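**Q** give me coordinates for this.
(chains A and B)
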Amino acid sequence: MLITLEETISLINEGKILHIAGDDSLLSALPKGKWIGGTTPYFIGEDGGVCTKDRLSVTELGFAEDVRITSYGKYNVFQIVEECFDNGLNLIILPYGSDVITKYSKEAPEVEELLMHPTMGWISGFKLDEEGVAKVYDGMSGEAYTDRAVVMFIKLPEGKSAMINMINIFTDDKSDPVIRFSDNELSVRKCTVDGREINLSEYIEKNGINAMMPLVADYNGAYINTSIKAVENGTVSFYAPVFKDVEYRFAKPVGDYAEEFKRSIDAAGPHDPIISFNCILNYMNGELEGKKIPPYTGPITFGEVAYQLLNQTLVYCEIL
Amino acid sequence: MEAAVQEKIERILKGELKYSSSNLAFNMLITKMQKKLQADPGSMGSCMEEMDAFLAKYPIVAKVDLANIAAL
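**A** Numbers count the residues shown, from 1 in each chain, chains lettered A, B, ... in the order given. Model prediction:
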């Protein structure tokens, strides 16, 4: 729900367990309590998509039996798998542009036990036309960070499980060339296309590929996107890493992004998410300002986490 | 886990059978185990242990997915 600073302060002072997203000017005015937060002025509220610095997106996590809040840097972020509740949900927020994201994004897929512990979250950001600084907040200590991830470990009631899923409008065409990379990288010059080594930026240019289309990898039917950040000086940089030993293809072109996004939401069927995070690229390209996408509300993000860092997806969690 | 289902899971990990779950973590785990097995063909035992551990921890997933895998 999108509410005012005063309403949010009341909830914190009542001892509610909260996830909060909003502008830094509001987050920095909140009292200590059982909450974590991250910066963004973009949201999907009950009345639709909105960019505002006057309200906060607040999700009450009333199902939690217990919570602990901790922050981690790049050297210890994967301690989350050791320090979390055995039957729980880990909510992580990482600040855009930080080293801890680089570490998390490159190594998460290979971390032992991570898939055994439901972990979801998002990358905090700022207003796109301003030179902002992304921050995360540990409400328990009152500390804000630009270089650390904040994690809320949520203990679930006996017999309940957290199920994390995503909505992604992109798929691939299996007849398209297979692209492979030699390492886990956030920017590349070379790759192989159907086994032939080439310069990726030249390949994109020569083949007239729309760089708005992400690379997609098929994880047994779950398509994981890697969005292109820039193609310049012979280098292609990404918002999330590409991984070695993973087959990629460019996503099939999407005609009407907004219509396709709506169709994907409908196709996902009925769900009862306790929280969701939606990518800024979906917000912009899907023209979500003023549009409702029930039952999904929450912050618009600079990246989503469903165990690993994702791009251009809507990530949500249900408690079953 | 029934022997027939175990055999099918092994075939999924070897890439001989296609299976897609409605559970994201399970799809990610299958992909991770497929990569592990490609890198080390002798690791089937440890891959199956990880699959077992996941399914034991998430009986809601296991109930649906093991039935679907059995029907492959």
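
**Q** spell out which parts of chain B neighbour chain A.
**A** By the rule CB under 8 Å from any CB of the partner chain, the part of chain B lying against chain A is B:18-25, B:27-32, B:35, B:38-39, B:53-54, B:57-58, B:60-61. All C-beta spots, glycine's among them, are computed from the backbone N, C-alpha and C.

**Q** now residue 35: closest residue in space that isn't a chain neighbour?
**A** With no chain named, the answer covers chain A. Spatial nearest neighbour of residue A:35, excluding adjacent residues (CB to CB, 6 or more residues apart in numbering or on different chains): residue A:139 at 3.4 Å.

**Q** ah, I was thinking of chain B
**A** Leaving out its chain neighbours, residue B:35 is closest to residue A:245 (CB to CB, 6+ apart), at 5.5 Å.

**Q** what's the pLDDT at the one you found?
**A** Taken from the predicted model, the pLDDT recorded for residue A:245 is 83.

**Q** mind listing the helices for the stretch 201-320 of chain A?
**A** A:257-267, A:280-285 (DSSP state H, counting those that start in this stretch).

**Q** related to what we said a few turns ago, count of residues packed around the residue nearest to residue B:35?
**A** A count of nearby residues for residue A:245, using other CB atoms under 10 Å in any protein chain shown, gives 14.

**Q** same question for residue A:265.
**A** A count of nearby residues for residue A:265, using other CB under 10 Å, gives 18.

**Q** again with the one 3 residues further on
**A** As a burial measure, residue A:268 scores 15 neighbours (other CB under 10 Å).

**Q** repeat that for residue A:303.
**A** Burial of residue A:303 is recorded as 26 neighbouring residues (other CB under 10 Å).

**Q** that one reaches residue A:121, doesn't it?
**A** No: counting by CB atoms under 8 Å, residue A:121 is not a contact partner of residue A:303; they are 9.2 Å apart.

**Q** which neighbours do those two have in common?
**A** With contacts taken as CB atoms under 8 Å, 6 or more residues apart in numbering or on different chains, residue A:303 and residue A:121 have residue A:94 as neighbours in common.

**Q** I'd guess residue B:32 is in a helix, am I close?
**A** Yes: Residue B:32 forms part of a helix when assessed by DSSP: H, G, I helix; E, B strand; the rest coil.

**Q** and the residue nearest to residue B:15 when sequence neighbours are not counted, how many neighbours?
**A** Once flanking residues are discounted, residue B:15 sits nearest to residue B:34: 6.2 Å by CB to CB, 6+ apart. In terms of burial, residue B:34 registers 18 neighbours under the definition other CB under 10 Å.

**Q** who's in contact with residue B:34?
**A** If you count contacts by CB under 8 Å, 6+ apart, residue B:34 has them with B:13-15.

**Q** drop anything exposed from those.
**A** In terms of neighbour count (16 or more other CB atoms under 10 Å in any protein chain shown), the buried residues within those are residue B:13.

**Q** check contacts around residue A:152.
**A** Under the criterion of CB under 8 Å, 6+ apart, the neighbours of residue A:152 are A:17, A:19, A:36, A:61, A:67-69, A:90-91.

**Q** which element, helix or strand, includes it?
**A** strand A:149-155 (DSSP states H and E).

**Q** average pLDDT for that strand?
**A** On average, strand A:149-155 scores 98.

**Q** partner strands of that strand, with direction?
**A** With DSSP bridges as the criterion, the sheet partners recorded for strand A:149-155 are strand A:66-72 (antiparallel), strand A:88-95 (antiparallel).

**Q** return the set of buried residues in the next helix or strand after it.
**A** Sequence order places strand A:162-167 as the next helix or strand after strand A:149-155, per DSSP H and E. The neighbour-count check on strand A:162-167 (16+ other CB under 10 Å) flags A:162-167 as buried.

**Q** and chain B, which of these reach it?
**A** Restricting the buried residues of strand A:162-167 to those adjacent to chain B (criterion: CB under 8 Å from any CB) gives A:163-166.

**Q** and those residues, which is closest to chain B?
**A** Of all those, chain B sits closest to residue A:165, with 5.0 Å by CB to the nearest CB.

**Q** per-residue pLDDT, the closest one?
**A** For residue A:165, the pLDDT comes out at 95.

**Q** out of the helices of the stretch 201-320 of chain A, which gets nearest to chain B?
**A** With distances scored as CB to the nearest CB, the stretch of the helices of the stretch 201-320 of chain A nearest to chain B is helix A:257-267 (12.4 Å).

**Q** next, see if that closest one gets close to chain B.
**A** No: Helix A:257-267 stays out of contact with chain B when judged by CB under 8 Å from any CB, the minimum separation being 12.4 Å.

**Q** give me the mean pLDDT for that helix.
**A** Averaged across helix A:257-267, the pLDDT comes to 87.

**Q** quick one: buried residues of it?
**A** Buried positions in helix A:257-267, judged by neighbour count with 16+ other CB under 10 Å: A:257, A:261-262, A:264-265.

**Q** closest one to residue A:109 out of these, please.
**A** Ranking those by separation from residue A:109, with CB to CB as the measure, puts residue A:264 on top at 23.6 Å.

**Q** how about the CA coordinates for stretch A:291-310, as PDB?
**A** C-alpha atoms of stretch A:291-310 as PDB (Å, rounded to 0.1, in the frame of the first residue of the first chain):
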ATOM      1  CA  LYS A 291      -2.100   1.300 -14.800                       C
ATOM      2  CA  LYS A 292      -3.200  -1.300 -12.300                       C
ATOM      3  CA  ILE A 293      -1.800  -4.900 -12.500                       C
ATOM      4  CA  PRO A 294      -3.700  -6.600  -9.600                       C
ATOM      5  CA  PRO A 295      -2.800  -8.400  -7.500                       C
ATOM      6  CA  TYR A 296       0.800  -7.100  -7.900                       C
ATOM      7  CA  THR A 297       1.800  -4.000  -6.000                       C
ATOM      8  CA  GLY A 298       5.100  -2.800  -4.700                       C
ATOM      9  CA  PRO A 299       8.300  -1.000  -5.700                       C
ATOM     10  CA  ILE A 300       9.600  -0.600  -9.200                       C
ATOM     11  CA  THR A 301      13.200  -1.700  -9.100                       C
ATOM     12  CA  PHE A 302      16.600  -1.500 -10.800                       C
ATOM     13  CA  GLY A 303      16.800  -5.300 -10.700                       C
ATOM     14  CA  GLU A 304      15.000  -8.200  -9.000                       C
ATOM     15  CA  VAL A 305      16.300 -11.100  -7.000                       C
ATOM     16  CA  ALA A 306      14.700 -14.500  -7.100                       C
ATOM     17  CA  TYR A 307      17.600 -16.400  -5.600                       C
ATOM     18  CA  GLN A 308      19.800 -14.800  -8.300                       C
ATOM     19  CA  LEU A 309      19.700 -11.400  -9.800                       C
ATOM     20  CA  LEU A 310      17.200 -11.100 -12.600                       C
END
